[in-house]
Structure formats: structure tokens, C-alpha cells
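1. mind folding the following:
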Amino acid sequence: MRLTFKTVVVLLAAFALIVAACGNDDDGGEVAPEPAATDAPAPEPTEAPAATEAPAPEPAPMVTSVDIDAYLAADLDNCEAAPTGDPIRVGMAMDFSDVVGFVDIPGSKLVPFVADKINCAGGINGAPVEVRVAEVGEDAVLAAQELLDWGAHFLIGPPFADFALPILQTTEGQVPLFVAASTEPTLADASINSFLVTFDDYGQSEAAAQWAWDQGITRAVVFTEGEGIPYTGVNPDAFKAKFAELGGEIVGEQTYVWFETTDFSAQVNEIAGDLENNEAVFSAALAYQVTALRGQLEGQGLDGLTYIGTDALDATGIQFEDNNEGIAHTPHTSITPGDPIDTLLAEYEAVNGEALESRGFMALYVDSLFLGIQGILDCGCADPAQIGAAVAELEGFEGLSGVISYAGTNGIPPKAVPINRIVDGEDTLVATIGG
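-> Below is the predicted model of the structure:
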């Protein structure tokens, strides 16, 4: 093919344009080198870490047994979160009369205080403890019904049958009743959910007779309101039977009026000639009655006698009576400075500005509260009758007043009996009988 001049010019111009297009304006037309090949893999894309939630707190373990020490150690100025569960309701039907008010009045003050400490410690498995007090006055049935209508899971009742029996009739045996300060054996009946919290009259008076015999005393005189009369007659009856069983001799028996008699001149004149000045003098009289009797016997030259009484001496302050040296009695607890009972009572006084009377009885009211709670824990229920059935099976319960067992009993725990005696002006534990 033959090229014309015009054709050649056009081809040259096109070639020049191609060369210009391959040049580099920044480096004088040099071609930039290709980047070196690499074997390193491209980085994998990263994902943000998944958000994590804080683990839920472990639930508190369920309480299955009452830890009295832990609850009493609660600091009311530094409480745990208030419990919010269904409340445990404790009814107290109390006798505030002159006859037994000296134990029921302070007891009805201490139990709500202890409930406050339980709640301060977080309650019972998150359940608060509520306490309502109803004075029996002249109508124990009305007081009991008020507490049952409120929804009490168990009751703490007065010590004597006059009011305790009507309460039991009201509960119809379906609600546990702890007759806290009572030693009356007829009030105990596990089949109707009625429980003593301490030894009965037989227990304390037989222990008193045993202690007298252990001291080498072989002769005794008793003061009674009459055979078989609750408390004031039953205690002397029990002492006489046990003392005779041991080989002792009852050389005199006199009557008096409990709570009233302080002039024993007639009785003293009748027995003074028969005494050898080495006898035991036993009664269930009150502290001021025993010291009055002692003074009148000493007026006859009988200053070697040993006076022994029941828990009534502790309740009415034998520790504070004049002419009390050497007098022995059977308290429910023997309190020493700094022990758990003393510490609790001291804290109550510090918080409330008053000291409670009848100190030796107070642990019985506290134990009544904890026994009912233990019954609730054991049955895992809120039905009063089932709570009572669980209480009846309790064995080895470590109470503030000592070890308490109901299993195999009719509602009277087989507790040890302390023997206290005024020694150098101090109420001192000198023996423990039984248990």
C-alpha cells in the first residue's frame, strides 16, 4: 500500500500524543515504579467486644435455725435493710395485776425490744417480726381473741391458770401458747399446743429438797397455803415428798396467806419448841414474807435455820431484802455480769432509760419468742397448728435460759434447776440440780 504525505503527518501526530500520555508531569515524565508485592495477609476486621452484665448477687442462704447470739448482737444504730416479707406475728396476752405484773410487765417490754433487734439483723429469712401486747385485765378471752383476729402465729401467755386456761379455751388447742413465767404443771399439754418454758413446781421443789439433803440437813418445816393448792401448796407438797424419799423428816407444817401474811407470830409460837435450830424452812412465799418470818423466828433464838424458797424469791427481789444472808432459792437463770442475759438487759436499759425488774425471768419471755420462731422454721409454714406440732418435736434447743426440749414430753422441758444463795450480800449460784 502506498502512503501519501498527508497520511504520514497524521500518524506522527498520533504517536506523539500517546508518548505524552504515558509521561509524569511531577517527575519529568518518568514512570512511577509498581509497588513491590507482599505476602502479608490483609488484617482481619475487628469486632467490638460484646457488652457483659454484672453477675446477679447470690441470694442469702435460708435460715433454718435460730441464732440467738447473732440476733441479740444486732446494732440498733447500724441496721441492715428492713425486712419486707410477710410478718411473723407474736401475740402477748399479759397479766399486769399486782399478783404477777412484776414478771409480765417487764416481759412484755423486753420481747418487742428483741423483735426490733431481729428486724435490725434483717428479720427471719426476710420476714419482719411483729409483736402485739394485749392486757388480759378481767377478760382473758377478749384479749386472746383480739390477738387471734390480728393473725398471731403463736401466743405468749400469763403464768397462772386463772387467765391461761381461758386463753387455751379460746385457741381451742390450735395456736401454740408459751406460758413463759409459769411453773404450773397443769398448764402444760402438748396435745393442745400449751408449753412451759422452764421447769415445773415439782422440778424446782424436788431440787430444793435435794440441795437441803446434800447440805446435811435432815429435818425441815414447811409453810403452805394448803395441800394441792396451785403453786403455794403444790411446791411444799413436792418438797415434803422428795425430802421424805431422801430420808428426811418433816417436823412441822404451818399455813399462811400468800402475798398477805407478814405477821407469823402465831405460827412461830406453835413450832418454836419443836425445832432444834438446824432445820430447813421451805415455802413458796414472797421475799418480804420470808424475811419477815426469819426475823420472828430469830426473835425466838432460832438463828441457825436454813431458809429455802422457790422462784418467787427471785421475782420479788430477795437480793435486795434486809436480813437476806444465806437464804437459798431456785431462780430460772443465774445471771452473772457480762453474760448474754445481763448484756441484753443492760442494752435495754441504755436504749429505753429504765431497768427491768424480775431479771431472772426475762430470758423465759425471750425464749418463748425464739421457740415459736423455731417452730415456724422447722415446719416451713404459717399455720399455727402446724407450728405447734413442730414445737412439740423440738429437742436440744439452745435457749437464753438453757437447753429446752419438748420431744417425748407433755410440754414441760426437763431443765436443770439452779440453786442460788445470798453469800456475802451477793446472789450466788451454789449448785445446779438435774437437767
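2. tally of neighbours for the residue nearest to residue 182 when sequence neighbours are not counted?
-> In space, residue 182 comes closest to residue 159 once its chain neighbours are excluded; the distance is 3.8 Å by CB to CB, 6 or more residues apart in numbering. (Glycine included, C-beta is placed from N, CA and C.) Residues within reach of residue 159, counting by other CB atoms under 10 Å, total 27.
3. surely residue 159 meets residue 95?
-> Yes - with contact defined as CB atoms under 8 Å, residue 159 reaches residue 95; the gap is 7.5 Å.
4. hey, what's in contact with both of those two?
-> Common neighbours of residue 159 and residue 95, counting by CB atoms under 8 Å, 6 or more residues apart in numbering, are residue 104.
5. and the contacts of the helix or strand where residue 289 lies?
-> Secondary structure here is read from DSSP states H and E; on that basis residue 289 sits in helix 287-298. Here helix 287-298 makes contact (CB under 8 Å, 6+ apart) with 223, 256, 258-259, 261-265, 267-268, 272, 281, 283, 285, 305, 307, 309, 312-313, 316-318, 321-324, 327.
6. same thing but 6 Å
-> When contacts are defined by CB atoms under 6 Å, 6 or more residues apart in numbering, helix 287-298 is touched by residues 262, 264, 268, 307, 309, 313, 316-318, 321, 323.
7. where does this structure dip in pLDDT?
-> When residues are selected by pLDDT under 70, those of the chain lie in 1-60.
8. where do the strands of it begin and end?
-> Remark: strands of the chain, listed N- to C-terminal, are 88-94, 129-135, 154-157, 177-179, 194-196, 219-224, 249-255, 280-282, 306-308, 328-329, 397-399, 402-404, 417-423, 426-433; assignment by DSSP state E.
9. those strands: which one's closest to residue 76?
-> For the strands of the chain, the distance to residue 76 is smallest for strand 129-135, at 14.3 Å, taking CB to CB.
10. by contact count, what packs against that closest one?
-> strand 88-94, helix 101-120, helix 140-150 (3 or more CB pairs under 6 Å, 6 or more residues apart in numbering; DSSP states H and E).
11. where along the stretch 151-300 of the chain do the helices fall?
-> With DSSP state H, counting those that start in this stretch as the criterion, the stretch 151-300 of the chain has helices at 161-171, 201-214, 234-246, 265-271, 287-298.
12. picking that back up, the strands of the chain: which one's closest to residue 101?
-> Residue 101 lies closest to strand 88-94 among those, at 8.4 Å (CB to CB).
13. ok, residue 155 - contacts?
-> Residue 155 makes contact with 91, 93, 175, 177 under the criterion CB under 6 Å, 6+ apart.
14. now residue 136
-> By CB under 6 Å, 6+ apart, residue 136 lies in contact with 93, 95, 143, 163.
15. from residue 83, how far off is the residue nearest to residue 94 when sequence neighbours are not counted?
-> Sequence neighbours aside, residue 104 is the residue nearest to residue 94 in space, at 4.2 Å (criterion: CB to CB, 6+ apart). Distance, residue 104 to residue 83, using CB to CB, to the nearest Å: 28 Å.
16. more neighbours, the two?
-> When neighbours are counted by other CB under 10 Å, residue 104 comes out ahead of the other of residue 104 and residue 83, with 29 against 20.
17. the more buried one is in contact with residue 95, isn't it?
-> Yes - between residue 104 and residue 95 there is a contact under CB atoms under 6 Å: 5.0 Å.
18. deepest of the helices and strands packed on strand 129-135, which one?
-> Each of the helices and strands packed on strand 129-135 was scored by mean neighbour count; the highest is strand 88-94, a mean of 26, by mean count of other CB atoms under 10 Å.
19. how far off centre is that strand?
-> Its chain's C-alpha centre and that of strand 88-94 lie 14 Å apart, by CA atoms, centre = their mean, to the nearest Å.
20. stretch 112-131 too?
-> The gap between where stretch 112-131 is centred and where its chain is centred comes out at 11 Å by CA atoms, centre = their mean.
21. and for stretch 325-339?
-> A distance of 20 Å separates the C-alpha centroid of stretch 325-339 from that of its chain, computed with CA atoms, centre = their mean.
22. quick check: end-to-end length of that stretch?
-> Using CA to CA, to the nearest Å, the end-to-end distance of stretch 325-339 comes to 24 Å.
23. list the buried ones in that stretch?
-> Of the residues in stretch 325-339, those buried under the neighbour-count criterion (16 or more other CB atoms under 10 Å) are 327-335.
24. residue 415: which of those residues is nearest?
-> Minimum distance to residue 415 across the buried residues of stretch 325-339 is 8.4 Å, recorded for residue 332 (CB to CB).
25. that closest one contacts residue 360, correct?
-> Yes - at 5.4 Å, residue 332 counts as touching residue 360 under the criterion of CB under 6 Å.
26. rewinding a little: if any of the contacts of helix 287-298 are buried, put those into a ChimeraX selection.
-> Selection of buried members from the contacts of helix 287-298 for ChimeraX, criterion 16+ other CB under 10 Å:
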select :262,264,268,307,309,313,316,317,318,321
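27. turn the contacts of helix 287-298 into a markdown table, including distance to residue 137.
-> Formatted as a markdown table, the contacts of helix 287-298 follow (distance: CB to CB, whole Å):
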| residue | distance to residue 137 |
| --- | --- |
| 262 | 28 |
| 264 | 33 |
| 268 | 39 |
| 307 | 35 |
| 309 | 29 |
| 313 | 28 |
| 316 | 23 |
| 317 | 25 |
| 318 | 29 |
| 321 | 30 |
| 323 | 36 |
